[in-house]
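*Asks:* Just need the structure, nothing else, for what follows:
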Amino acid sequence: MSEPIVVTRALTKKYGAAAAVEDVDLCLEKGQIYGLVGRNGAGKTTIIRMLTAQTLPTSGEIELFGETTPQGLSTARARIGAMVEIPSFYPYLTAAENLEYYRRQRGIPGPGCVEQVLEQVGLQDAGKKKFKQFSLGMKQRLGLGLALMNHPDVLLLDEPINGLDPEGIVEFRNLLLDLNRQRETTILISSHILSELSNIATHYGFLDGGRMLEQVSAARLREKCRACLQLTVDDAARAALVLEQELGIRDYEVLPGNLLRLYDRLDRPQTVTAALMGAGVALIGAENKNANLEDYFLGLIGGVRHG
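*Replies:* Below you'll find the predicted structure:
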């Protein structure tokens with residue numbers, strides 16, 4: 001198991017009687033790209049704001065790099081870069097001038113880091129172009145550059161690809177992958193654009209109504225979303241014997257409620273159902289399943305996908 005570097009325990013944030021985040025347990029380990037999944041208003045931004053001390057929890061605990069005390073958390077946060085929204089850059093300054101302003105304001109040593117960060121985020125050729133002339137993609141990259149100024153071990157990014165065109169999304173994705181693979185930066189990225197998260201995340205946390213529904217690795221999620229034949233029977237144990245002994249099927253799983261998921265013989269479901277019924281197993285239902293990330297999330301929150 002990798003080293004846990006961002007952990008929350010029963011983290012809660014209430015505004016009056018309404019809970020924006022409630023009893024959230026989250027674990028981000030070193031080297032992960034953690035996709036925080038949820039609809040707008042699910043609590044994603046509030047969690048990131050609590051992790052960065054932009055808002056205080058009502059209750060619960062935050063642990064960063066093993067630190068839980070106020071002084072320890074303050075020290076640990078120096079190792080974190082965050083982009084909760086596009087920062088307030090000066091419209092008539094260039095990319096380099098804006099970053100230099102923030103470098104001095106935050107007391108980050110070494111003026112050379114501005115040039116280094118601009119190259120990291122692909123803005124080294126922005127030259128004298130003013131911020132007000134930037135495309136949205138350039139603005140997002142400059143925001144990421146600001147988050148990278150202190151060479152963080154962890155990046156917390158809130159909806160960073162919102163509003164980007166397809167080309168901008170690909171560029172931003174490649175930037176994050178490069179940071180993770182070559183610089184070993186651990187990343188937590190919140191988004192409701194699930195198709196894009198599936199291209200980058202190694203782990204997921206699913207939020208709804210301020211609560212964490214599930215945390216799962218991308219590898220385990222792929223297993224759960226594999227194409228399969230799902231059978232509902234009256235006796236799962238007997239059905240499993242038929243699958244193995246009569247059909248030689250080993251690639252399957254038994255779930256609660258007398259459910260079986262078969263990942264073999266998908267092209268010949270009638271062979272499977274005939275063998276089961278011939279052995280006296282009552283077949284209650286049969287369904288071909290092949291879920292993607294969006295389908296899985298909707299299943300968790302009880303949603304219905306149309307069209």
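*Asks:* in this protein, which spans are helices?
*Replies:* 44-51, 70-76, 95-106, 112-120, 136-147, 166-182, 194-197, 218-224, 236-245, 269-278, 293-301 (DSSP state H).
*Asks:* Comparing the ones you listed, which stretch has the densest surroundings?
*Replies:* Sort those by mean neighbour count, taking mean count of other Cβ atoms under 10 Å, and helix 44-51 sits at the top with a mean of 23. (C-beta placed from N, C-alpha, C; glycine too.)
*Asks:* I'd like to know which elements that one is packed against.
*Replies:* strand 4-15, strand 18-29, strand 33-37, strand 59-64, strand 80-83, strand 154-158, strand 186-191 (3 or more Cβ pairs under 8 Å, 6 or more residues apart in numbering; DSSP states H and E).
*Asks:* now, of the ones you listed, which is deepest in the fold?
*Replies:* strand 33-37 comes out most buried of the helices and strands packed on helix 44-51 by mean count of other Cβ under 10 Å, with a mean of 26.
*Asks:* In CSV: the helices of the chain, plus distance to L11 and mean pLDDT.
*Replies:* Below are these laid out as CSV (distance: least, Cβ to Cβ, whole Å; pLDDT from 0 to 100):
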stretch, distance to L11, mean pLDDT
helix 44-51, 7, 96
helix 70-76, 13, 96
helix 95-106, 26, 92
helix 112-120, 31, 90
helix 136-147, 22, 90
helix 166-182, 24, 88
helix 194-197, 21, 84
helix 218-224, 23, 86
helix 236-245, 38, 94
helix 269-278, 45, 91
helix 293-301, 19, 81
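*Asks:* which one of these lies closest to L259?
*Replies:* L259 lies closest to helix 236-245 among the helices of the chain, at 7.1 Å (Cβ to Cβ).
*Asks:* Which neighbouring elements make contact with the closest one?
*Replies:* strand 252-255, strand 259-262, helix 269-278.
*Asks:* Let's have the ones you listed in TSV, adding distance to Y90.
*Replies:* Below are the helices and strands packed on helix 236-245 laid out as TSV (distance: least, Cβ to Cβ, whole Å):
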stretch	distance to Y90
strand 252-255	57
strand 259-262	56
helix 269-278	63
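*Asks:* out of the ones you listed, which comes closest to F134?
*Replies:* Evaluated with Cβ to Cβ, those place strand 259-262 nearest to F134, the distance being 48.7 Å.
*Asks:* With just CA atoms, put that closest one into PDB.
*Replies:* Only the C-alpha atoms of strand 259-262 are listed here, as PDB (Å, rounded to 0.1, in the frame of the first residue of the first chain):
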ATOM      1  CA  LEU A 259     -26.800 -12.600  -9.100                       C
ATOM      2  CA  LEU A 260     -24.000 -13.900 -11.300                       C
ATOM      3  CA  ARG A 261     -21.900 -12.000 -13.800                       C
ATOM      4  CA  LEU A 262     -20.300 -14.000 -16.600                       C
END
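*Asks:* which residues are contacting that strand?
*Replies:* 228-233, 236, 239-240, 243, 249, 251-255, 272, 289 (Cβ atoms under 8 Å, 6 or more residues apart in numbering).
*Asks:* about what we covered before: just send the helices and strands packed on helix 44-51 back as a markdown table, with mean pLDDT and distance to L146 too.
*Replies:* Converted to a markdown table, the helices and strands packed on helix 44-51 look like this (pLDDT from 0 to 100; distance: least, Cβ to Cβ, whole Å):
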| stretch | mean pLDDT | distance to L146 |
| --- | --- | --- |
| strand 4-15 | 97 | 20 |
| strand 18-29 | 97 | 21 |
| strand 33-37 | 96 | 20 |
| strand 59-64 | 98 | 20 |
| strand 80-83 | 94 | 7 |
| strand 154-158 | 96 | 11 |
| strand 186-191 | 95 | 16 |
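*Asks:* Could you give the number of residues near G280?
*Replies:* If you count neighbours by other Cβ atoms under 10 Å, G280 ends up with 10.
*Asks:* In contact with it, which residues?
*Replies:* Contact analysis of G280 by Cβ under 8 Å, 6+ apart lists R238.
*Asks:* and if we set it to 10 Å?
*Replies:* For G280, the contact set (Cβ atoms under 10 Å, 6 or more residues apart in numbering) comprises D234, D235, R238, V242.
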